[in-house]
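**Q** When you get a sec, could you give me coordinates for this:
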Amino acid sequence: MKNTFGNALTVTLFGESHGEMIGAVLDGIAPGILVDAAYIAHQMDQRRPYGAISTGRKESDTVKLVSGVYQGKTTGTPICILIENAEQHSSDYAEQQFLPRPGHADYTAMQKFHGFSDPRGGGHFSGRLTAPLTAAGAIALSMLKKKGILIGTHIARCAKISDRSFEDYEKDIGLLEESLFAVLDPKKSEEMQSAIEEAAGCGDSVGGVLETAVLGIPAGIGEPWFDTVEGLLAHALYSIPSVKGVEFGTGFALADLRGSEANDAFVIENGAVKTRSNHNGGINGGITNGMPILFRTAVKPTPSIFLKQDTVDLRTMEQAELKLKGRHDPAIVHRARVVVDSLTALTLADLLTERYGTDWWAEA
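**A** Coordinates of the predicted model:
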């Protein structure tokens with residue numbers, strides 16, 4: 001099993017939902033990077049569950065950096081991130097160990113690991129593992145900000161309720177950074193949260209679509225063919241539990257346009273090359289063109305629901321009925337947005353390190 005992503009800057013993920021600890025190792029990072037503990041805590045807060053729209057599992061998610069940081073700055077050696085699990089209710093999963101949840105990784109995990117995987121709370125496949133990714137991503141986000149590169153994600157759609165699109169990128173990204181429920185139109189926040197609560201009251205769940213913008217990325221980043229910016233970002237984003245779709249720029253709607261409509265005309269603006277539109281989402285030929293990177297991520301409804309579902313008993317190989325116990329999110333789209341930001345930052349930091357080297361990060 002491979003648990004490492006990246007080339008020049010890599011992140012390795014480890015742990016299980018109900019194990020003692022979860023964590024990540026960030027390797028290949030430049031020395032001398034300021035590690036802001038307050039900012040890491042802020043990012044962890046954005047992933048934290050709250051209210052009736054989230055799971056009842058409330059972890060403190062205190063981040064421990066046990067290597068690679070000295071006197072508040074990176075040393076250039078691997079950073080080991082540890083987060084304690086303290087709120088496990090493992091008994092909730094004892095009866096359903098051999099009753100795989102429809103839509104979840106329970107069955108495929110058993111097939112992959114011949115029944116030796118930890119089944120409690122989804123084990124290594126749990127969304128719980130996005131906590132150390134968020135902590136690692138906070139370090140990458142800080143690095144990018146120092147270089148004038150900003151990343152922001154909002155809930156473009158949830159339970160069929162749509163938010164407005166990005167308008168003023170820098171202003172909107174700043175707004176999202178301080179928002180626990182990341183929408184650009186405040187009126188939509190209450191509507192979406194009410195829809196999530198309604199689904200939860202029925203024992204059901206909802207999904208949504210996240211829209212991400214990256215501002216300030218220079219032109220010329222990425223590789224043609226196999227290591228395109230779209231390909232590497234999609235690779236990272238599909239690691240997030242319940243992500244089932246990624247599209248860039250105008251995405252699938254491009255298929256309905258003519259070339260004269262879909263092409264982004266080049267213009268000179270303040271002495272720099274820009275494009276008049278951004279249907280291609282800031283990427284041509286797999287390489288950044290200097291315009292904002294824009295993409296959307298589809299998040300399916302949380303598979304762990306409290307309605308009765310058909311499944312199979314893997315001990316008897318007979319049909320069975322599942323009535324779930326435990327604490328589960330009726331929606332994860334609002335918590336996943338900071339994970340999208342984090343993986344976007346880690347992917348772009350890796351690409352920029354490959355392009356310019358580690359010392360580029362230390363330059364003012």
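**Q** Count residues in the vicinity of residue 287, would you?
**A** 17 (other CB atoms under 10 Å). C-beta: built from backbone N, CA, C; applies to glycine.
**Q** partner residues bridging it?
**A** Note on residue 287: beta-bridge partners by DSSP bridges are residue 284.
**Q** From residue 297, how far off is it?
**A** For residue 287, the distance to residue 297 (CB to CB, to the nearest Å) stands at 21 Å.
**Q** For the stretch 151-300 of the chain, which segments count as helices?
**A** 169-177, 186-201, 229-237, 259-262 (DSSP state H, counting those that start in this stretch).
**Q** what do you get for the stretch 1-150 of the chain?
**A** So, for the stretch 1-150 of the chain - with DSSP H, counting those that start in this stretch - the helices run 37-47, 106-112, 130-146.
**Q** which residues does the residue lying closest to residue 200 once chain neighbours are set aside contact?
**A** Nearest residue to residue 200, sequence neighbours excluded (CB to CB, 6 or more residues apart in numbering): residue 330, at 3.6 Å. Counting by CB atoms under 8 Å, 6 or more residues apart in numbering, residue 330 makes contact with 52, 53, 54, 196, 197, 199, 200, 204, 205, 206, 302.
**Q** where does residue 126 fall, phi/psi-wise?
**A** Main-chain torsions, residue 126, degrees, to the nearest 10: phi -70, psi 150.
**Q** For the closest residue to it other than its chain neighbours, grab the count of nearby residues.
**A** For residue 126, ignoring the flanking residues on the chain, the nearest one in space by CB to CB, 6+ apart is residue 17 at 3.6 Å. By the criterion of other CB under 10 Å, residue 17 has 22 neighbours.
**Q** For the closest residue to residue 294 other than its chain neighbours, the count of nearby residues, please.
**A** Spatially, and ignoring its direct neighbours in sequence, residue 294 is nearest to residue 281 (4.4 Å; CB to CB, 6+ apart). For residue 281, the count of nearby residues is 26 (other CB under 10 Å).
**Q** ok, back up a step: which of the helices of the stretch 1-150 of the chain sits most buried?
**A** helix 130-146 (a mean of 24; mean count of other CB atoms under 10 Å).
**Q** mean confidence for it?
**A** Helix 130-146 shows an average pLDDT of 97 in the prediction.
**Q** Show me what it is packed against.
**A** Packing partners of helix 130-146 (3 or more CB pairs under 8 Å, 6 or more residues apart in numbering; DSSP states H and E): strand 10-15, strand 21-27, helix 37-47, strand 79-84, strand 150-158, helix 333-356.
**Q** The longest one relative to helix 169-177, how many degrees between them?
**A** What it means is helix 333-356. Per axes from the mean of the first three to the mean of the last three CA atoms, to 10 degrees, the angle that helix 333-356 makes with helix 169-177 is 130 degrees.
**Q** if I pick residue 254, what's in contact with it?
**A** Contacts of residue 254 (CB under 8 Å, 6+ apart): 262, 279.
**Q** and it, how far is that from residue 293?
**A** 16 Å.
**Q** ditto for residue 190
**A** 30 Å.
**Q** ditto for residue 197
**A** For residue 197, the distance to residue 293 - CB to CB - is 33 Å.
**Q** What of residue 34?
**A** From residue 34 over to residue 293 the distance is 25 Å, taken as CB to CB.
**Q** between those two, who's got more neighbours?
**A** Counted by other CB under 10 Å, residue 34 and residue 293 do not tie: residue 293 has more neighbours, with 28 against 13.
**Q** okay, and for the stretch 101-250 of the chain, where does confidence drop off?
**A** For the stretch 101-250 of the chain, no stretch has pLDDT under 70.
**Q** For the stretch 251-364 of the chain, give me the ranges with low pLDDT.
**A** Looking at the stretch 251-364 of the chain by pLDDT under 70, you get 363-364.
**Q** if we go to 90?
**A** Scanning the stretch 251-364 of the chain for pLDDT under 90 picks out the ranges 324-329, 362-364.
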